[in-house]
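Asks: structure of the sequence below:
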Amino acid sequence: MLATLGVGAGLAVLGALAAVATVLVYVGLALFLALALEPAIRYLTSRGLPRWAAATVAIVGSAIVIALVVVAVLPLAAQQVGIFGAQLVDTLRDLPDQAWYVWTTDNLVALDLNGLLSSLTGLLTDPRQLTAIAGGVLQVGTGLVNGVTAIIIVTALTIYFAVTLPTMVSAVLRLVPGSRRLETGSLLNEVLDSVGRYVSGQLLLATINATFTLLLTVFAGSPAPILLAVIAFIAALIPVVGTVIGSTLVVLATLTVSPVGAIVVAAFLLVYMQVEAYVLAPRVMSRAVALPGVLVIVAALAGASLGGILGALVAVPVAAAGLLVINRVVIPYQDAL
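Replies: Okay, the predicted model is just below:
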């Protein structure tokens, strides 16, 4: 009877956690965003501002920057999506006439590329196919509503966490025995600082990546440079492989306009990735917890497997926090035995 009740209680707890999984994701994302604002808030408080005023300045400043970027970038990006789609269809239609394509299909490729190309072009231009694809408009609308709701919830939670983070830390420390409260508080603050510096540093690196991509694609004549810069920013937030994925998409998009331009873009992006890996990232992340390269890759892959893109974003700072706990608690305890 006790075993049955224990299993039933365990299943009930797991079911409850599954039911509130979305809420837990919102809370976790808001906490990470609040930690990203924490370095700026602490800087302002060190200048004499009270906590609430420093948090207000940091939040309002971030909101203004995000609003300006959205207002300036979103309409142009949406416009360039249509332009790029039209250019892609024209490129696919003209591709069989290209000399390099004819040589490749005749000498190197065993697949029927002409048949595949005809099918793809027909899919993109056939109104009946487009109507069938558009059958999911209701699901897309529902997704947009859920997305707006998630943004509102995460924003409210981020503001709350940013203002009350010291109070929350103090409340958690009250659950720790008094003899260990000072050491635990020091470790907890160090973990939060490290995670905050990592998140803010990753945002800075993504911004630099997007700016470089925008300038490079404008210079190379790539289609939809603003759209490609947005893609590069989002991809650069993913640790380890994000910059490679974003750069690959940028090169492929440029290839639809000019093969020579695609080669130039690929060369410059390859140089930038080396500069980012060996110059920018070490400087930006110098105050965060240093992670071995293998651990970063494993954490990112594990996080992506468990939680998709959001899991990959969160996994690396979580691994950094875990490594800090091991270095500060586990190893000294083992050495003392």
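Asks: contact partners for the residue lying closest to residue 205 once chain neighbours are set aside?
Replies: Among residues not flanking residue 205 along the chain, residue 284 sits closest, at 5.8 Å (C-beta to C-beta, 6 or more residues apart in numbering). Where you see a C-beta, it was placed from the backbone N, CA and C, and this is true even at glycine. By C-beta atoms under 8 Å, 6 or more residues apart in numbering, the residues touching residue 284 are 201, 204-205.
Asks: separation between residue 284 and residue 168?
Replies: Separation of residue 284 from residue 168 (C-beta to C-beta, to the nearest Å): 27 Å.
Asks: ok, residue 264 next?
Replies: Taken as C-beta to C-beta, the span from residue 264 to residue 168 is 50 Å.
Asks: so which of the two has more stuff around it?
Replies: residue 264 (18 against 15; other C-beta atoms under 10 Å).
Asks: how about that one, what does it touch?
Replies: Residue 264 makes contact with residue 220 under the criterion C-beta under 8 Å, 6+ apart.
Asks: give the rounded mean pLDDT of the helix or strand containing it.
Replies: Take DSSP states H and E as the rule and residue 264 turns out to sit in helix 259-275. For helix 259-275, mean pLDDT is 88.
Asks: if we can go back for a sec, so which of the contacts of residue 284 comes closest to residue 335?
Replies: residue 201 (31.1 Å; C-beta to C-beta).
Asks: how many residues are close by the closest one?
Replies: Residues near residue 201, counting by other C-beta under 10 Å: 20.
Asks: neighbours of residue 269, just the number please.
Replies: Residue 269 has 24 neighbours, counted by other C-beta under 10 Å.
Asks: show the contacting residues for it.
Replies: 213, 216, 247, 250-251.
Asks: now tabulate those residues in TSV and tack on secondary structure.
Replies: Formatted as TSV, these follow (DSSP: H, G, I helix; E, B strand; the rest coil):
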residue	secondary structure
213	helix
216	helix
247	helix
250	helix
251	helix
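Asks: how does the protein divide into domains?
Replies: Domain assignment for the chain by automatic domain parsing gives 23-175, 180-337.
Asks: with only the CA atoms kept, save stretch 149-160 in CSV.
Replies: Output of stretch 149-160 as CSV, limited to C-alpha atoms (Å, rounded to 0.1, in the frame of the first residue of the first chain):
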residue,chain,number,x,y,z
THR,A,149,1.1,36.5,-24.2
ALA,A,150,4.5,34.9,-23.4
ILE,A,151,6.2,38.2,-24.1
ILE,A,152,3.9,40.1,-21.7
ILE,A,153,4.4,37.5,-19.0
VAL,A,154,8.1,37.3,-19.3
THR,A,155,8.4,41.1,-19.4
ALA,A,156,6.4,41.4,-16.2
LEU,A,157,8.4,38.7,-14.4
THR,A,158,11.7,40.2,-15.6
ILE,A,159,10.8,43.6,-14.1
TYR,A,160,9.8,41.9,-10.8
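Asks: in that stretch, what's buried?
Replies: Across stretch 149-160, burial judged by 16 or more other C-beta atoms under 10 Å covers 153-154, 157-159.
Asks: got it, and stretch 189-198?
Replies: 191-198.
Asks: give me the subset of those that lies in helices.
Replies: Cross-referencing the buried residues of stretch 189-198 against helices under DSSP state H gives 191-198.
Asks: out of the residues you listed, the closest to residue 71 would be?
Replies: Of all these, residue 71 sits closest to residue 196, with 27.5 Å by C-beta to C-beta.
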